[in-house]
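In: Sequence plus the predicted model coming up.
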Amino acid sequence: MNLSLLSIFGLLIFLTCFVFAVIVSVFGRQKVHRLWTLFNLGNAIWGLAMFFIGIKGLSYENAILWWKIAHIGGMLLSVCFLHTILVLCSVKRPVILIFYYISDILFFIILNLLGEMGYKPELMFNSIFFARATDFRYVIATFLWFSAILYAFYVLFKEYLKSKGTKRNQLKYFLFPVFIAFIAGSSHFLPAYGIPIYPFNIFMVVYPIFASYAILKYRLLDVRVAFTRAGLFVLVYTLVLGIPFAMASRFKDLFIDTLGSLWWMGPLILMAILATVGPFIYIFLEKRAEDRLLKEQRKYQSTLKQASIGMTRIRNLDKLLSLIAHIVTKTVKISYIAVYLHNRETDEYCLHLSRDKGRIPIPKILDSDPLVRWIKKNRDPIIAEEIKRLHEDTNDNKYKEIEESLRQLTASVIIPSFLDNKFMGFFVLGDKMSGQIYTPEDLNVFQILASQAALAIENAQFYEDAKEMQDQISQAEKMATIGTMADGLSHQINNRFYALSLIAGDSIDTIKLTDTSKCTPEIREMINEINHALERIQTNVTQGGEVVKGMLKYSRRGEEGFEPIELDKVVDGTLEMVQFKVKLSDIDIIRDYINIPKIKGNLTQLEEAFFNFIDNANDAIFERKSTLNEAGYRGRIIISAKEKENSMLEIIIQDNGMGVKEDSQKKVFTPFFTTKTSSRKGTGLGLYVIKRIITEIHKGTITFESAHKVGTRFILELPIAK
């Protein structure tokens, strides 16, 4: 079989188009995938026909048969290409599609099956039967083919100009290879109109790879690099395969004279040598080309890698995040960056930094947000354009929800930040100002940066927590010092109150003993007002003394020892102290017990424990009221008790406040841990002290139950007095 280059490349076109038709049909599920499969099949039919037409010595009758088959493939690929582009670009032109489908069928019949054909195969290019136009039918068929293809390119190019990001990159993938393939395919019409130029269908071999990839995957890859690699590959292996064929054709007689019947060994050995050297040449050229194409990109990637190494030395969180934002925006030149970090207390992802004056970012994202769930599950960067296309292709509601979250964040790319399995937060990146896409190399570098940032953020947060803990310890020490000074302070304050009371009392007595009958009505009214004011001073002096008494009682150590105590006495004493901090009229305190035995305990210490229970419950009630805004909600604290068989009294203090989140429940008795969110945020020592009072001093037990947004209950067991 004497094959020409037309046959060789026709076979390659058939193989590549058929293979990618199968791949797209297997892995694609959408309408555009089915259309692209048909388009590739049309090209495969055309390639197979060119393989047989290019065989030197093919009979005239067989040439006519294969040209008819070639026209089937050609007409199928033109109308399927137009249909594919309209679907890909979401353009609806049903009338135009119907016109081209019907006209292609009609002109195939008119051109090939009715009467004389509109073309006649003629020997050209060294004994290859090429179709030569003979009348207007072939001209009209050619016009229909070109008009369908050109209109498709018009729609495609128009969509490309208005698109951006990953969508634009997808259309690049699609536009350039099919345009080159179109130019190559058009060269087959030149001999038909008497222009003796050999068809350069070598370029039709490569397009299915890139265009099918764009149809199926449309992920991130720099098109310049892709085409450079493909061009180098085609160039190198065209030489590897073409030089031996050319030498075999040009110097066949010389090889026969030298090698006799084994003349084919010469070209074969040359092909083996070139095939061995070819990969090294390709790798060398590829490296040099990519170094030039990606020079700027690799420069900023190197800067980001170097920056990630030094992050862990920065202890200030705000300074660290500002540095990250500055490096990323300046080196990569992106339009927008925002950083969201996990808030352990609220279980939300809160905005810590935003760099773009023209945007108003959302302040926080809930842990239940579909975007957060997706990140936790996949742990990979999220590209907004991919999510959008997945939603369009699958119509899955989860992609719609994620797309909406990305739209609110105005994100082009989301880079998650994990420390081992701990999700620290994520970076929101806008478009590159250059209009280029984020490549896989970019995303890899950003992930390295995010991993290093996670460690640096953890270190900075630990340092800030340690600093805050030290401040809390210092504050606790100050409070303890004030407690030790309470006796002296209360004595001094009571002395002042006593002096005020005496002055007010003497003034009142003086007014009572004064004869005001001769005074004018105005003076008598003024004296009455002064008397009323002095009485109010006396009343407030008495109340102030009670406050001092309560403070002194709370601050003193319970050194009177253990004794039988009624639970009511503990509750009454606690309410007497807590009324100066908690507005008791805003909550219901319910005592749910009757005829219970006395507790063996220290009254002062138990009052301190119950003070913390009620104070914490009040704070949780305030948080629920201000956060959930429930109609008719009112705070409630229930204190219930019952005797147990093990000589213990079980006491339950239950509230209907905000409750504690599940991930915080194991830490409630930890020193300096607090769930309070109000401006009166505590030191985190209350429950730690309570546990010591109940378990170590009173030899009892304490357990804790809570449900977020429902309430909390503490279950105590204290020894019964015998």
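Out: That came in fine, so what should we check first? Numbers count the residues shown, from 1 in each chain.
In: only C-alpha atoms for contact and neighbour calcs from this point on.
Out: Will do.
In: What pLDDT does the model give Ala454?
Out: In this model, Ala454 is scored at 75, pLDDT.
In: For it, give its distance to Ser212.
Out: Separation of Ala454 from Ser212 (CA to CA, to the nearest Å) stands at 38 Å.
In: and Val155, which of the three is it?
Out: Per DSSP: H, G, I helix; E, B strand; the rest coil, the secondary structure class of Val155 is helix.
In: for the stretch 601-722 of the chain, what are the low-confidence residue spans?
Out: Along the stretch 601-722 of the chain, segments meeting pLDDT under 70 span 670-686.
In: how about the helices in it?
Out: Counting by DSSP state H, counting those that start in this stretch, the stretch 601-722 of the chain has helices at residues 603-628, 686-691.
In: neighbour count winner among Ala454 and Ser212?
Out: Applying other CA atoms under 10 Å to Ala454 and Ser212 shows that Ala454 carries more neighbours, namely 25 against 22.
In: Tabulate the helices of the stretch 601-722 of the chain in TSV, adding columns for mean neighbour count and distance to Ile653.
Out: Output for the helices of the stretch 601-722 of the chain, formatted as TSV (neighbours: other CA atoms under 10 Å; distance: least, CA to CA, whole Å):
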stretch	mean neighbour count	distance to Ile653
helix 603-628	21	7
helix 686-691	20	13
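In: Adding distance to Gln30, write those out as a markdown table.
Out: Below are those laid out as a markdown table (distance: least, CA to CA, whole Å):
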| stretch | distance to Gln30 |
| --- | --- |
| helix 603-628 | 44 |
| helix 686-691 | 60 |
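In: Got the phi and psi for Gln579?
Out: Dihedral pair for Gln579: phi -60, psi -20, per degrees, to the nearest 10.
In: Pull the number of nearby residues for it.
Out: By other CA under 10 Å, the residues close to Gln579 number 15.
In: now swap in Lys388 and tell me
Out: Lys388: 18 surrounding residues under other CA under 10 Å.
In: Quick check, it in contact with Tyr399.
Out: Yes. The criterion here is CA atoms under 8 Å, and Lys388 meets it with Tyr399 at 7.2 Å.
In: so what secondary structure elements neighbour the host helix or strand of Gly47?
Out: Per DSSP states H and E: Gly47 is located in helix 31-53. The contact analysis (3 or more CA pairs under 8 Å, 6 or more residues apart in numbering; DSSP states H and E) places helix 31-53 against helix 5-27, helix 60-88, strand 128-133, helix 207-216.
In: Spatially central, which residue of the protein would that be?
Out: Ile414 (4.5 Å; CA atoms, centre = their mean).
In: thinking again about what came up before, only the buried residues of the helix holding Gly47, if you could.
Out: Of all the residues in helix 31-53, those buried under the rule 16 or more other CA atoms under 10 Å are 32-53.
In: same question, stretch 145-157
Out: The neighbour-count check on stretch 145-157 (16+ other CA under 10 Å) flags Trp145, Ala148, Ile149, Leu150, Ala152, Phe153, Val155, Leu156, Phe157 as buried.
In: Please apply the same query to stretch 377-390.
Out: Buried positions in stretch 377-390, judged by neighbour count with 16+ other CA under 10 Å: Arg379, Asp380, Pro381, Ile382, Ile383, Ala384, Glu385, Glu386, Ile387, Lys388, Arg389, Leu390.
In: and those as CSV, adding secondary structure, distance to Met75 and pLDDT?
Out: Listed next are the buried residues of stretch 377-390 as CSV, based on DSSP: H, G, I helix; E, B strand; the rest coil; distance: CA to CA, whole Å; pLDDT from 0 to 100:
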residue, secondary structure, distance to Met75, pLDDT
Arg379, coil, 46, 86
Asp380, coil, 43, 85
Pro381, coil, 42, 86
Ile382, strand, 40, 86
Ile383, strand, 38, 82
Ala384, helix, 37, 83
Glu385, helix, 34, 76
Glu386, helix, 33, 78
Ile387, helix, 35, 82
Lys388, helix, 33, 78
Arg389, helix, 30, 71
Leu390, helix, 31, 74
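In: Max pairwise distance over these: which two?
Out: Farthest pair in these (CA to CA) is Arg379 and Arg389. Separation: 19.8 Å.
In: still on that earlier bit, the helices of the stretch 601-722 of the chain: which one's closest to Trp374?
Out: Here helix 603-628 is closest among the helices of the stretch 601-722 of the chain (CA to CA), at 26.8 Å.
In: I'd like the next helix or strand past the strand or helix carrying Ser354.
Out: For Ser354, the enclosing helix or strand under DSSP H and E is strand 348-355. Once the chain leaves strand 348-355, the next helix or strand it forms, by DSSP H and E, is strand 364-366.
In: contacts for that next one?
Out: Residues from elsewhere that reach strand 364-366 (CA atoms under 8 Å, 6 or more residues apart in numbering): Tyr340, Asp347, Glu348, Tyr349, Cys350, Leu351, Val372.
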